[in-house]
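In: Just a sequence and a predicted model for now, questions to come.
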Amino acid sequence: MTDYDKVLILADIEGSSGCWSYAGSAFKTRQWVSACAGMCDDVDAVANGLFQRGVRQVTVKDFHRSAYNLLPERIDPRCRIVSGYRRGPVPGIGNPAGAEAVLFLGLHAASGTNGFLAHTLTSRISRLMVNGKPMPEIALFAASLAPYNIRPIFFSGCPVACSQAQETVPGIETHAIDKSEGPDGFDAWQWRRALAKAAARSLQNRKVKPYLPGGPFEATVTMRDGEPAARKLALRWGFECSGSEVYVRSDTIHALYRELVRMCYLTPLTERILPLALALFNLQGRLGMTWLRRQLRTRSGNKPEKV
């Protein structure tokens, strides 16, 4: 029933059924509580559909903001939920655990495009152009998994994000969520049911190949806070800049990803003490999960909440 025994799910929140505003994607807000619940239920529905099709191992990597947004108790217990960030071997993800295919759930469109909460890595970048085209996160994430021969078979997000995924990774299957009308009248259960069916069908997808584009790569990173922010980053990491734009050149997409991660998340100090910095960041995420569980218990009167 399936061509894949082991699959990896990378889950984000902006394209999930519970996130309808920037506040829903933020940390420890009232809207984030609902967004996390919806994200959990989306992952649960997809995982259940994958297991029904014969997948033996499903690993779910929480890949939004703190990387602590998924509650394992709300998700099919046969799944392995991976929270927090790892140094490697795959940046952020860690060990891909022998996965043969990856499904991207709830992702968003690239910085500078008109998708729902569009950004690439951080909203501090207003536009990211690579070799003259907007670069969505799926390009970086899928390429980081290519050395492990992992095929990117499925993607869900807003219609713009889905179009960008199809353009980036030929052969990938997609399922869109239209957020243009807002949450009123949106049938999360029906949409989630269709999402799970679409994800399960993608298990027959053998036409898509591991995504590894050839270089070189020339990136123009436009900073939302203008010239001062661009100049600061350029001086910090030794890049060229002009006005609000920083220029990054790399021979491989893996090198480009590393440079973008440094720009967006690190300083020379945190790079030198990265294991400690990651431990502290992950601790903050775990504390956020404690707060999230408390909020959900308060809302539901100590009963499990479903959205």
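Out: That came in fine, so what should we check first?
In: The chain: helices as residue ranges?
Out: For the chain, applying DSSP state H gives helices covering 22-25, 30-52, 137-145, 159-168, 188-201, 227-237, 253-265, 268-272, 274-300.
In: Could you dump these into CSV with mean pLDDT, mean neighbour count and distance to Met129 added?
Out: The C-beta positions use only the backbone N, C-alpha and C, and glycine is treated the same way. Formatted as CSV, those follow (pLDDT from 0 to 100; neighbours: other Cβ atoms under 10 Å; distance: least, Cβ to Cβ, whole Å):
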stretch, mean pLDDT, mean neighbour count, distance to Met129
helix 22-25, 98, 18, 23
helix 30-52, 98, 23, 29
helix 137-145, 98, 24, 12
helix 159-168, 98, 21, 13
helix 188-201, 98, 18, 30
helix 227-237, 97, 15, 14
helix 253-265, 97, 18, 12
helix 268-272, 97, 11, 25
helix 274-300, 96, 14, 28
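In: want to throw these into JSON lines with distance to Asn114?
Out: Formatted as JSON lines, these follow (distance: least, Cβ to Cβ, whole Å):
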{"stretch": "helix 22-25", "distance to Asn114": "15"}
{"stretch": "helix 30-52", "distance to Asn114": "21"}
{"stretch": "helix 137-145", "distance to Asn114": "16"}
{"stretch": "helix 159-168", "distance to Asn114": "6"}
{"stretch": "helix 188-201", "distance to Asn114": "21"}
{"stretch": "helix 227-237", "distance to Asn114": "23"}
{"stretch": "helix 253-265", "distance to Asn114": "22"}
{"stretch": "helix 268-272", "distance to Asn114": "33"}
{"stretch": "helix 274-300", "distance to Asn114": "30"}
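In: Nearest to Arg87 among those would be which one?
Out: helix 274-300 (6.2 Å; Cβ to Cβ).
In: roughly how far is that closest one from the heart of the chain?
Out: Computed by Cα atoms, centre = their mean, to the nearest Å, the chain-centroid distance of helix 274-300 equals 18 Å.
In: tell me the angle that helix makes with helix 253-265.
Out: If you take axes from the mean of the first three to the mean of the last three Cα atoms, to 10 degrees, helix 274-300 sits at 70 degrees to helix 253-265.
In: other SSEs contacting helix 274-300?
Out: Applying 3 or more Cβ pairs under 8 Å, 6 or more residues apart in numbering; DSSP states H and E, we find helix 274-300 packed against helix 30-52.
In: rewinding a little: I'd like to know which of the helices of the chain is closest to Val102.
Out: Checking those against Val102 by Cβ to Cβ gives helix 137-145 as the closest, at 5.7 Å.
In: For burial, what's the neighbour tally of Ser180?
Out: Neighbours of Ser180 under the rule other Cβ atoms under 10 Å: 7.
In: so what's it up against?
Out: Neighbouring residues of Ser180 by Cβ atoms under 8 Å, 6 or more residues apart in numbering: there are none.
In: now swap in Asp76 and tell me
Out: When contacts are counted by Cβ under 8 Å, 6+ apart, Asp76 touches Asp44, Ala47, Asn48, Phe51, Val58.
In: Let me know the closest of the residues you listed to Thr267.
Out: Closest approach between these and Thr267, by Cβ to Cβ: Val58, at 35.9 Å.
In: Model confidence for that closest one, exactly?
Out: Per-residue confidence (pLDDT) for Val58: 98.
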